[in-house]
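Enquirer: This is a predicted model, with the sequence first.
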Amino acid sequence: MLRQFLAALACVAAAGAAATAQSPLHISLGIYSFRKPTEVWKQFQPVTLELTRLVTQHLGTKAEVELHVTPTYEACLEAFVAGEIDMVRFGPASYVLAQARNAKVQLLAAEREDPHGVGLIVVREESPIEELADLAGKRFAFADNQSTIGRYLSQAELVGAGITSKDLASFAFLDKHDAVFKSVEIGDHDAGALYAGTFHELNETATHKLRILYKFDNAPKPWVARAGLDAKVVKAVTASLLALDNQEALKALKVPGFMTTSDGDYDLVRKGMQKAEQFAPTPKPAPAKDPQPAPAPTKGR
């Protein structure tokens, strides 16, 4: 009898140990490289660790948020839409593009922007350019071609001022907002579009100061869950973001906290993206050429 009791006790202990050693629930968080990937990874580590703690608390089971930094906006968007990443921190335009491709992606929360969350068009401090119309014939720098501020909304503002691609001497996409700042600073471009936070951070130590030519509004930056992510996980992550008050994590994000959001909050961006289509005409595909008849086979000698 004692032997049977000890055996049963051992089974219970083993089962408890197995439960304790059970692998945590892994939740991937995708971030695109708006700066060097190593800098982005370092910046988001405090957020990742705090979300791991909060999500575990809300789920009541061990969870682990894992950071995935992609090299480009496009890579992050493609991986997310394909369901390879559980949730992402997107720019507003990237959310609009993802939602257009899969209407079942799920908004979690949005960052509460500080006053530096708007978009800017900037020039060098000594530049004679005083208004957007003065950019005709000038060289302009954009960020990534999927950037909300660095492309879509800034192009919409240019269109509103009567400036399209054919009115500029040249324009280029430089991928990163800090690259836009540097290009204008050193004179490779006469003006550029970038995030206000990047401008204020870099202008403090710039050799050649830049000034704000034009300021425009932006939608809040959303955090989005992939289509099909378990409803309990979505609820836990949303609650965790809204409750996040860890100052180290918020300082790394450069925001005061999170707020609820809905799809209608991004109509401003949708309209801007539609207007931006007027900036540069969409290239028409070249007409198909009539296929040339294949040469007659040469008979062997």
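Expert: Yep, it's here. Residues are numbered from 1 along each chain as shown.
Enquirer: So which residues of the stretch 151-300 of the chain form strands?
Expert: 170-173, 191-195, 210-216, 222-225, 258-259 (DSSP state E, counting those that start in this stretch).
Enquirer: Which strands and helices lie in contact with the second one?
Expert: Right, the one you point to is strand 191-195. strand 119-124, strand 139-142, helix 177-186 (3 or more C-beta pairs under 8 Å, 6 or more residues apart in numbering; DSSP states H and E). The way it works is simple: take the backbone N, C-alpha and C, and place the C-beta from them, glycine included.
Enquirer: Reformat the ones you listed into JSON lines and put mean pLDDT, distance to residue 55 and mean neighbour count next to each item.
Expert: Output for the helices and strands packed on strand 191-195, formatted as JSON lines (pLDDT from 0 to 100; distance: least, C-beta to C-beta, whole Å; neighbours: other C-beta atoms under 10 Å):
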{"stretch": "strand 119-124", "mean pLDDT": "98", "distance to residue 55": "32", "mean neighbour count": "23"}
{"stretch": "strand 139-142", "mean pLDDT": "98", "distance to residue 55": "36", "mean neighbour count": "23"}
{"stretch": "helix 177-186", "mean pLDDT": "97", "distance to residue 55": "30", "mean neighbour count": "22"}
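Enquirer: looking at those, which is closest to residue 66?
Expert: Ranking these by their distance to residue 66 (criterion: C-beta to C-beta) puts helix 177-186 first, at 25.8 Å.
Enquirer: For that closest one, name the packing helices and strands.
Expert: Using 3+ C-beta pairs under 8 Å, 6+ apart: helix 177-186 touches strand 119-124, strand 139-142, strand 191-195, helix 196-203, strand 210-216.
Enquirer: Who are the contact partners of the residue nearest to residue 121 when sequence neighbours are not counted?
Expert: The shortest distance from residue 121 to any non-neighbouring residue, by C-beta to C-beta, 6 or more residues apart in numbering, is to residue 214 (4.3 Å). Taking C-beta atoms under 8 Å, 6 or more residues apart in numbering, we find residue 214 in contact with 120-121, 131-132, 157.
Enquirer: Any idea how many residues pack against residue 32?
Expert: Counted by other C-beta atoms under 10 Å, the residues lying close to residue 32 total 26.
Enquirer: Nearest spatial neighbour of it, chain-adjacent residues omitted?
Expert: Per C-beta to C-beta, 6+ apart, closest to residue 32 is residue 76, 3.9 Å.
Enquirer: Make sure the one you found is actually in contact with residue 88.
Expert: Yes. Shown here, residue 76 and residue 88 form a contact pair, counting by C-beta atoms under 8 Å, at 6.2 Å.
Enquirer: Quantify the burial of the closest residue to residue 125 other than its chain neighbours by counting its neighbouring residues.
Expert: Spatial nearest neighbour of residue 125, chain neighbours left out: residue 209 (4.4 Å); criterion: C-beta to C-beta, 6+ apart. Using other C-beta under 10 Å, residue 209 has 12 neighbouring residues.
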